[in-house]
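Student: I'd like to go over a predicted model; first the sequence, then the structure.
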Amino acid sequence: MKIFNKMIKLISIFVLFLVSNQLIAQTNTDSVQTVCAGSLAEPYLINPPTLGSTYQWTLSAGGTLNNGTTTDNITVDWGVNAGTFTITVIETDSNGCQGAPVTVDVTVIPLDDPTFTLIDYCEGSANSAIVTGTQGGVFTFTNPPSGGETIDASTGEIISGLSGTTYSITYTTLGICPQTSIMSVTVNPLPTATIAISQTACLGSVIPDLSAIGSAVTWYDDAALTIQVGVGNSFATGQTAVGVYTNYVTESLNGCEGPSVPVTLEIYTIPLSPIAVSQTSCFGSVIPDLVAAGNTITWYDDLLLTSQVGIGNNLSIPQASIGMYTYYVTQADANGCESNATIVTLEIYTLPTSPAAINEAACEGSVIPDLTATGTSVGWYSDAALTTLVGNGSPFVTGQTTAGIYTYYATQTDANGCESSATIVTLEIYVLPTAPTATNEVVCEGGLIADLTATGSNLTWYADASLTIVVGSGTTFTTGQTFAGVYTYFVTETNINNCESTATLVTLTINSITIAPLASNQTACFGTAIPDLIATGVGATFTWYSDILLTLVVANNSPFSTGQTAVGSYTYYVTDSQNGCESPATTVTLIIYTTPITGPISHW
């Protein structure tokens, strides 16, 4: 029924407003006119019209021209945007003559904003409306109450409102374009006093919250309820010191606060904290017990003392992993109050990381490198059980020289005295390869110079016994020597470990060619004893040839009996040989002369 009455009122106001605007528009001939925003079908006409004329209407903006844009009257649906807009009409008479434009400026006035806020309020308090729209309007009861209540027309405050009653309030603006809005407000009753429970606790223990039964509970620190300290059914006082603390609690319903109830919290004194000593240990060693002095000792592993791990003066620790383990130990007095906790720690130190170390290798007979490790207080052991300490610090001189693999174990010790696990470090002294086998060469100067050869792998040839001048590599070495002399070289073998053997001495001997031997030509008469050919020289071996190309050997050594007997001239070629080298040939001739033929003897 209330909704229906509201609708009838709104429709009546709108119709009245529309009719009044039409009358103004129809009778107002001013060049500047006004209209309320949102007005529909606003009429505009030529008064009086000319018989037989037509009219062309236009609107600059702000609305929509409706029917009759060529007749002497139109209507306009105005929009909601405020502003001044121009209606223009041009008349064309029956002769087709067009008149001057006639205009009217229409100012669209915005509607009043009747919005306001009005909140429910509590019995015995005052209320007032807050106009959020157009100010200066009038507040009235939408439906006048019958209980003697009144309303302040300017503020909307209800005077003598009844508890539990809801009122409908109407606000009407008083502007050129007035509007109306309606809101409801309820007078809420006050709630009864809440029920609350006082608490006690020991100093240092968990302080219980104060609690109260009810809705929208509020806590205060004073009886005058001016210092609010909390809300909700539970209130953590924040008190920790010994004493009696009083707070006041109320309940609220629908925003209305009831009477307060006092609630107390009493905190008892507690005994002194026990005396305890923290412990440390290295990972993997024996873990010591924690010990505390006091009465009725209790051990916890959390700061809130909710997780009990032991009772009594000694606590055996099950921990074995690296870390800082914190425990909290308390003592309790005869009143059952537990002391503040003494913090006791067990720190199991992490072992330092194993030192970084580098394995070393060397060839037997070379400089043996020291072993090195990076770390603090490095210790060297010769056994995996780390029982035989053989050195400290880095580097470590092993003293090893014989071929073999030597294993050591390096640890480091940190500032906490904890020793790391060992890093295995090896020193390998490689066996040298055997020296290569090689063949000395002897050749003659001017002849083909033979290469030197050796048997082995990765051979290197040197020109000096110190093995500093490399002259070749491989199994075959071309010396490049051509002159007579004895040339000495040194060849070594290198194995896969890059170890070089001792050197094998190899010689190349180039013997010089001896000078041609001395020999005398010989003559003889036919029939006489034929002399031998004789050669002398530096060597002891002579070879006789019958041809200049030295291909036909006819005798060796000297003297040489040619065996010739017939008259003629015989040519031979003799060479001298020393160290296998043959000299140039000396030409030697034997001439056997014919004997004279005498006679006969004549007598004169």
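Tutor: Received the coordinates, thanks. Note that the coordinates shown come from a computational prediction; the quantities given were computed from them, not determined experimentally.

Student: drop to CA atoms for contacts and neighbour counts, all remaining ones
Tutor: Noted.

Student: Domains of this structure: list them as residue ranges, please.
Tutor: The chain is divided into the following domains under automatic domain parsing: 2-109, 116-188, 195-268, 275-349, 356-430, 437-511, 518-593.

Student: mind putting these in a markdown table, mean neighbour count, distance to Pro600 and mean pLDDT included?
Tutor: Compiled in a markdown table, the domains of the chain are given as follows (neighbours: other CA atoms under 10 Å; distance: least, CA to CA, whole Å; pLDDT from 0 to 100):
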| stretch | mean neighbour count | distance to Pro600 | mean pLDDT |
| --- | --- | --- | --- |
| domain 2-109 | 15 | 183 | 78 |
| domain 116-188 | 17 | 190 | 92 |
| domain 195-268 | 18 | 176 | 93 |
| domain 275-349 | 17 | 143 | 93 |
| domain 356-430 | 18 | 101 | 96 |
| domain 437-511 | 18 | 62 | 94 |
| domain 518-593 | 17 | 21 | 91 |
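
Student: possible to save those as CSV with distance to Ile601?
Tutor: Output for the domains of the chain, formatted as CSV (distance: least, CA to CA, whole Å):
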stretch, distance to Ile601
domain 2-109, 185
domain 116-188, 192
domain 195-268, 178
domain 275-349, 145
domain 356-430, 103
domain 437-511, 64
domain 518-593, 23
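
Student: quick one, what contacts Glu347?
Tutor: 279-281, 322-325 (CA atoms under 8 Å, 6 or more residues apart in numbering).

Student: List the contacts of Thr595.
Tutor: Thr595 is in contact with 525-526, counting by CA under 8 Å, 6+ apart.

Student: And the pLDDT for it?
Tutor: Looking at Thr595, its pLDDT is 88.

Student: how near is it to Leu533?
Tutor: 21 Å (CA to CA, to the nearest Å).

Student: go on, Val231?
Tutor: In terms of CA to CA, Val231 sits 150 Å off from Leu533.

Student: cool, Thr434 as well?
Tutor: 56 Å.

Student: again with Ser558
Tutor: According to CA to CA, Ser558 and Leu533 sit 7 Å apart.

Student: Check Asn247 too.
Tutor: Distance from Asn247 to Leu533, by CA to CA: 156 Å.

Student: Likewise for Ala37?
Tutor: 161 Å.

Student: for the residue nearest the centre of the chain, phi and psi?
Tutor: Centroid-nearest residue in the chain, with CA atoms, centre = their mean: Thr353, separated by 23.6 Å. Dihedral pair for Thr353: phi -70, psi 150, per degrees, to the nearest 10.

Student: oh, and call the first residue 11 from now on, that's how I've got it
Tutor: Done: numbering now begins at 11, and the last item shifts to Thr363.

Student: Tell me which residues touch it, please.
Tutor: 422, 430-431.

Student: could I get the residues you listed as TSV with distance to Ala534 and secondary structure?
Tutor: Output for these, formatted as TSV (distance: CA to CA, whole Å; DSSP: H, G, I helix; E, B strand; the rest coil):
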residue	distance to Ala534	secondary structure
Gln422	107	strand
Ser430	110	coil
Ser431	108	coil
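
Student: of all these, which comes closest to Val319?
Tutor: Ser430 (31.4 Å; CA to CA).

Student: Test my guess that that closest one contacts Leu361.
Tutor: Yes: under the criterion of CA atoms under 8 Å, Ser430 makes contact with Leu361 at 5.1 Å.

Student: ok, now how distant is the closest residue to Tyr391 other than its chain neighbours from Ala420?
Tutor: Distances taken as CA to CA, 6 or more residues apart in numbering put Leu399 closest to Tyr391, at 4.4 Å, once the chain neighbours are dropped. The spacing between Leu399 and Ala420, counted by CA to CA, is 10 Å.

Student: Need the residues touching each of the two.
Tutor: Counting by CA under 8 Å, 6+ apart, the residues touching both Leu399 and Ala420 are 389-391.

Student: now, which of the residues you listed lie within strands?
Tutor: 389-391 (DSSP state E).

Student: and stretch 224-234, how far apart are its ends?
Tutor: Counting by CA to CA, you get 20 Å between the two ends of stretch 224-234.

Student: tell me the contacts of the closest residue to Ala394 other than its chain neighbours?
Tutor: Leaving aside its chain neighbours, Ala394 sits nearest to Tyr419 (6.5 Å; criterion: CA to CA, 6+ apart). The neighbourhood of Tyr419, defined by CA under 8 Å, 6+ apart, consists of 390-394, 396, 432-435.

Student: Now flag whichever of those residues is closest to Leu462.
Tutor: Val435 (43.7 Å).

Student: And stretch 203-223, how far out from the chain middle?
Tutor: Here the centre of stretch 203-223 is set off from its chain's centre by 51 Å, with CA atoms, centre = their mean, to the nearest Å.

Student: what's that stretch in contact with?
Tutor: 224, 243-247, 249-252, 259-261, 268-280, 314, 347-350.

Student: Output it in PDB, but only the C-alpha positions, please.
Tutor: What follows is stretch 203-223, C-alpha atoms only, in PDB (Å, rounded to 0.1, in the frame of the first residue of the first chain):
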ATOM      1  CA  ALA A 203      24.400  -6.300  29.600                       C
ATOM      2  CA  THR A 204      26.800  -9.000  28.300                       C
ATOM      3  CA  ILE A 205      28.200 -11.900  30.400                       C
ATOM      4  CA  ALA A 206      32.000 -11.900  30.900                       C
ATOM      5  CA  ILE A 207      34.600 -14.200  32.600                       C
ATOM      6  CA  SER A 208      37.600 -13.000  34.600                       C
ATOM      7  CA  GLN A 209      41.000 -14.700  34.200                       C
ATOM      8  CA  THR A 210      44.200 -15.500  36.200                       C
ATOM      9  CA  ALA A 211      47.700 -16.400  34.900                       C
ATOM     10  CA  CYS A 212      51.300 -16.800  36.000                       C
ATOM     11  CA  LEU A 213      53.800 -14.200  34.900                       C
ATOM     12  CA  GLY A 214      55.600 -15.400  31.700                       C
ATOM     13  CA  SER A 215      53.100 -18.000  30.800                       C
ATOM     14  CA  VAL A 216      50.500 -17.700  28.000                       C
ATOM     15  CA  ILE A 217      48.200 -14.900  29.200                       C
ATOM     16  CA  PRO A 218      44.600 -16.000  28.600                       C
ATOM     17  CA  ASP A 219      42.300 -13.600  26.700                       C
ATOM     18  CA  LEU A 220      39.300 -12.100  28.400                       C
ATOM     19  CA  SER A 221      36.000 -13.300  26.900                       C
ATOM     20  CA  ALA A 222      32.400 -12.200  26.800                       C
ATOM     21  CA  ILE A 223      29.200 -13.600  25.400                       C
END
